[in-house]
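Chemist: sequence below, structure please.
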Amino acid sequence: MVGLRWMGFLLYFIVGGKATCDVTFTCPDFNNNFDYPSGLIYVDFAEKFGRQLNPERGWYKYTEYSASEYEDEHTGNLLNLHTLTSWRDNESVSLIYRILILDEYKERTNIPAGFIATLHNDFDTARRAQMKIIGRFAYTINCVENSNGDCIQPYKDGHKANMLKHIQDLSMFIKQNNDVVAFWEAGWFGIWGEQYYTDELGDPLNPVYLDQDCDLPVDPVWIDRRQVIWSFFDTIPSDRNLQLRYVHQMPMIFDPAEPLPLMDFEAFDTANNKSRIGHHNDCFLRDQSDSGTYCDIETEKAYLEKQSKYTVVGGETCGGHNQARSKCSIAEAELERFHWTYLNKDHHLGVLSKWKQQGCYNSIQDRLGYRLVLRRAMYPSSVQTGAELCYRIELQNFGYAAPVNPRNVYLIMENVLNGQLFWAQLRNDPRKWFHENNEVHKIEGAVKIPITSMPSASYRLYIGLLDPYFDKLDASVSFYNIFTANAFSTSLPAAIRQLMNEKRIMYLGDSGDDISVMQGSNDVQSSCPVMSFANV
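Modeler: As a prediction, this is how the structure comes out:
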């Protein structure tokens, strides 16, 4: 790590040079300063290898809770704060899979308010543990098998009219708990909410309902299925993905069908519902079709490869798996190709054990979702109030996917004398920090230093990647912040390490790499984000 000073660079800020925050901002070109003379702090960062806890990615722990348990006053399957924090702290798990089984309400028009209140409290336990939920609704998870291994009727998965009313009943619960939900799976009909074995929406064992070429539901069935899926989709806030179980569903839920995956210009457009369609594969690596996950295998894989660059993919491995298909080389290739964000930590143990034996388990654990690594930071060692502070931060993503949900990026300055924190929200979108080709992503621009509200002092520079729903620098929500996979200098003072650990923000310097903020007299007109008191 290097901290050098360049008087010419410093003069730029002292005289109040104009630095716009458009694409053509006029900050000095860091790339041309190969010798980094006096005035510029230049820091290189080392990667830290191994398991790392981060929100909305990685292994999940399966949990379930049913209406029958509520009606019988059984509380054993309600989320437990001690259990959740143990998973988080000891197993680096940030995701809870939560299937909510509405078995007792299958024949009822309304869902009782008491049950909904219990769900509110249940999700609040996850909030207090600073974890996120992968949610799914279903009416049954019980399958009675015939000699061929198929479930037999009645499947007991619910009536369409009641499903639509229940979605209405739960709409406020869904909206009010959006902060603690990472992703929703489509669910509702079919055993396990997997939209296959269903009494009213197309029995898969009845040939009347199927296109025999590919075992797909025919159009009359899709009218009802679309109605349920869209009712739920419209209930979910627009900043969350909805995951469908089968890849052929992803284009077919639209009417007319949308056979083309997302293009770059369509991604993250909440007005375009295609930008929010993800996938969950609950039989990953079982066979070539993943037990019907794919129908027209190569066509659907080509679709999913492109769609999943921008939307979430997750799921679990499967019993009865194909020994050749579930080996490490194939598993890692498909996890990367389809941008996997999460996997079940406890299923299927046969596949997970094989990965441990073959040596890819730890790599998969590290790469599920995003794995962000700071590479370099550059910024001046001095700036005047009223002027602009230029910066460049470089990072890479070595995970399988980019972060899926929106995230706020902050440049943070800490007053070394009194610990007061200031921040400015930057205009970067971590959802675009893709892993392809080991691209180096640049966070660069300028922030305005206010002329009056920031005292002259030495400041340390940090970057924070915060959840918009928990948008403050506070230890009570800090596990919702992304922390990069870096081995920070062992020479950092204890105060810096404490702040990084408590707030889960990243220091962008080495020991002594402080910025001197001096009183200025020229208040530069600026379109850049302005440093203000941080929300703590």
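Chemist: need the contact list for Cys360.
Modeler: Contact analysis of Cys360 by C-beta atoms under 8 Å, 6 or more residues apart in numbering lists Cys328, Ala331, Glu332. Any C-beta I mention is one placed from the backbone N, CA and C, and that applies to glycine too.
Chemist: repeat that with 10 Å
Modeler: Cys360 makes contacts with Lys327, Cys328, Ser329, Ala331, Glu332, Leu335, Lys354, Arg367, as judged by C-beta atoms under 10 Å, 6 or more residues apart in numbering.
Chemist: buried subset of these as a PyMOL selection?
Modeler: Those of these that count as buried under 16 or more other C-beta atoms under 10 Å are selected in PyMOL with:
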select buried, resi 327+328+331+332+335+354+367
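Chemist: if you rank every helix and strand of the chain by mean pLDDT, what lands last?
Modeler: Across the helices and strands of the chain, mean pLDDT, DSSP states H and E gives its lowest value to helix 7-14, namely a mean of 38.
Chemist: mind listing the strands the helix or strand just after that one pairs with, and their directions?
Modeler: Where DSSP states H and E defines the elements, the next helix or strand beyond helix 7-14 is strand 40-44. In the sheet, strand 40-44 lines up against strand 2-3 (antiparallel), strand 372-380 (antiparallel) (DSSP bridges).
Chemist: in strand 40-44, what counts as buried?
Modeler: Leu40, Ile41, Tyr42, Val43.
Chemist: can you tell me which of these is closest to Met131?
Modeler: Val43 (32.3 Å; C-beta to C-beta).
Chemist: how near is that closest one to Phe398?
Modeler: Val43 sits 20 Å away from Phe398, taking C-beta to C-beta, to the nearest Å as the criterion.
Chemist: the residue lying closest to Cys27 once chain neighbours are set aside: which element?
Modeler: If the residues on either side of it in the chain are set aside, Cys27 comes closest to Cys390, at 3.6 Å by C-beta to C-beta, 6 or more residues apart in numbering. When elements are assigned from DSSP H and E, Cys390 belongs to strand 388-397.
Chemist: relative orientation of that strand and strand 372-380 in degrees?
Modeler: Orientation check (axes from the mean of the first three to the mean of the last three C-alpha atoms, to 10 degrees): strand 388-397 against strand 372-380 gives 160 degrees.
Chemist: quick one: which of the strands paired with strand 40-44 has the weakest pLDDT on average?
Modeler: When mean pLDDT is averaged over each of the strands paired with strand 40-44, strand 2-3 scores lowest at a mean of 41.
Chemist: this protein: helices as residue ranges?
Modeler: 7-14, 67-71, 81-91, 113-128, 160-169, 171-176, 219-235, 249-252, 297-307, 328-337, 349-358, 361-367, 494-503 (DSSP state H).
Chemist: work out the gap between the fourth one and the centre of the chain.
Modeler: Using C-alpha atoms, centre = their mean, to the nearest Å, the distance from the centre of helix 113-128 to the centre of the chain it belongs to is 22 Å.
Chemist: could I have that helix exported to PDB, CA atoms only?
Modeler: This file holds the C-alpha atoms of helix 113-128, laid out as PDB (Å, rounded to 0.1, in the frame of the first residue of the first chain):
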ATOM      1  CA  ALA A 113     -56.100 -12.200  11.300                       C
ATOM      2  CA  GLY A 114     -54.400 -14.100  14.200                       C
ATOM      3  CA  PHE A 115     -52.500 -16.300  11.900                       C
ATOM      4  CA  ILE A 116     -51.300 -13.300   9.900                       C
ATOM      5  CA  ALA A 117     -50.200 -11.500  13.100                       C
ATOM      6  CA  THR A 118     -48.200 -14.700  14.000                       C
ATOM      7  CA  LEU A 119     -46.500 -14.500  10.600                       C
ATOM      8  CA  HIS A 120     -45.600 -10.800  11.200                       C
ATOM      9  CA  ASN A 121     -44.000 -11.800  14.500                       C
ATOM     10  CA  ASP A 122     -42.200 -14.700  12.900                       C
ATOM     11  CA  PHE A 123     -40.700 -12.500  10.200                       C
ATOM     12  CA  ASP A 124     -39.700 -10.000  12.800                       C
ATOM     13  CA  THR A 125     -37.600 -12.700  14.400                       C
ATOM     14  CA  ALA A 126     -35.600 -13.000  11.200                       C
ATOM     15  CA  ARG A 127     -35.300  -9.200  11.100                       C
ATOM     16  CA  ARG A 128     -33.900  -9.100  14.700                       C
END
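Chemist: could you give the angle of that helix to helix 160-169?
Modeler: 60 degrees.
Chemist: and the buried residues of strand 40-44 as CSV, adding distance to Gln153?
Modeler: Shown next, in CSV, are the buried residues of strand 40-44 (distance: C-beta to C-beta, whole Å):
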residue, distance to Gln153
Leu40, 72
Ile41, 69
Tyr42, 69
Val43, 65
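Chemist: adding distance to His82 and pLDDT, write these out as a markdown table.
Modeler: Written out in a markdown table, the entries for the buried residues of strand 40-44 read as follows (distance: C-beta to C-beta, whole Å; pLDDT from 0 to 100):
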| residue | distance to His82 | pLDDT |
| --- | --- | --- |
| Leu40 | 49 | 87 |
| Ile41 | 44 | 91 |
| Tyr42 | 46 | 90 |
| Val43 | 40 | 95 |
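Chemist: what's the closest of these to Leu304?
Modeler: Nearest member of the buried residues of strand 40-44 to Leu304, counting by C-beta to C-beta, is Val43, at 39.0 Å.
Chemist: and the gap between that closest one and Asn428?
Modeler: 19 Å.
Chemist: what of Ile111?
Modeler: Computed with C-beta to C-beta, the distance linking Ile111 and Asn428 is 41 Å.
Chemist: try Glu332
Modeler: Applying C-beta to C-beta, the value for Glu332 to Asn428 is 29 Å.
Chemist: repeat for Val351
Modeler: Here Val351 is placed at a distance of 37 Å from Asn428 (C-beta to C-beta).
Chemist: Ser289 too?
Modeler: For Ser289, the distance to Asn428 (C-beta to C-beta) stands at 39 Å.
Chemist: over to Cys143?
Modeler: 46 Å.
Chemist: please say which of the two ends up with more neighbours.
Modeler: The residue with more neighbours, out of Cys143 and Asn428, is Asn428; 19 against 13, by other C-beta atoms under 10 Å.
Chemist: not counting its neighbours along the chain, what's nearest the more buried one?
Modeler: Ranked by C-beta to C-beta, 6+ apart and with sequence neighbours excluded, the top spatial neighbour of Asn428 is Val409, at 4.6 Å.
Chemist: what sits against that neighbour?
Modeler: Per C-beta under 10 Å, 6+ apart, neighbours of Val409: 393, 424-430, 443, 463-466, 482.
Chemist: go on, His120?
Modeler: For His120, the contacting residues are Met172, Phe173, Gln176, Asn177, by C-beta under 10 Å, 6+ apart.
Chemist: looking at the residues you listed, which one is closest to Met163?
Modeler: Checking the contacts of His120 against Met163 by C-beta to C-beta gives Phe173 as the nearest, at 15.5 Å.
Chemist: tell me the pLDDT at that closest one?
Modeler: According to the prediction, Phe173 has pLDDT 98.
Chemist: same question, Leu100
Modeler: Looking at Leu100, the pLDDT reads 98.
Chemist: one more: Ile223?
Modeler: At Ile223, the pLDDT value in this model is 87.
Chemist: and Asn90, how far is that from Leu343?
Modeler: Going from Asn90 to Leu343 by C-beta to C-beta gives 18 Å.
Chemist: got the contacts of Cys360 as JSON lines, with distance to Leu244 and pLDDT columns?
Modeler: Shown next, in JSON lines, are those (distance: C-beta to C-beta, whole Å; pLDDT from 0 to 100):
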{"residue": "Lys327", "distance to Leu244": "27", "pLDDT": "96"}
{"residue": "Cys328", "distance to Leu244": "28", "pLDDT": "97"}
{"residue": "Ser329", "distance to Leu244": "28", "pLDDT": "97"}
{"residue": "Ala331", "distance to Leu244": "22", "pLDDT": "97"}
{"residue": "Glu332", "distance to Leu244": "24", "pLDDT": "98"}
{"residue": "Leu335", "distance to Leu244": "19", "pLDDT": "98"}
{"residue": "Lys354", "distance to Leu244": "28", "pLDDT": "96"}
{"residue": "Arg367", "distance to Leu244": "24", "pLDDT": "98"}
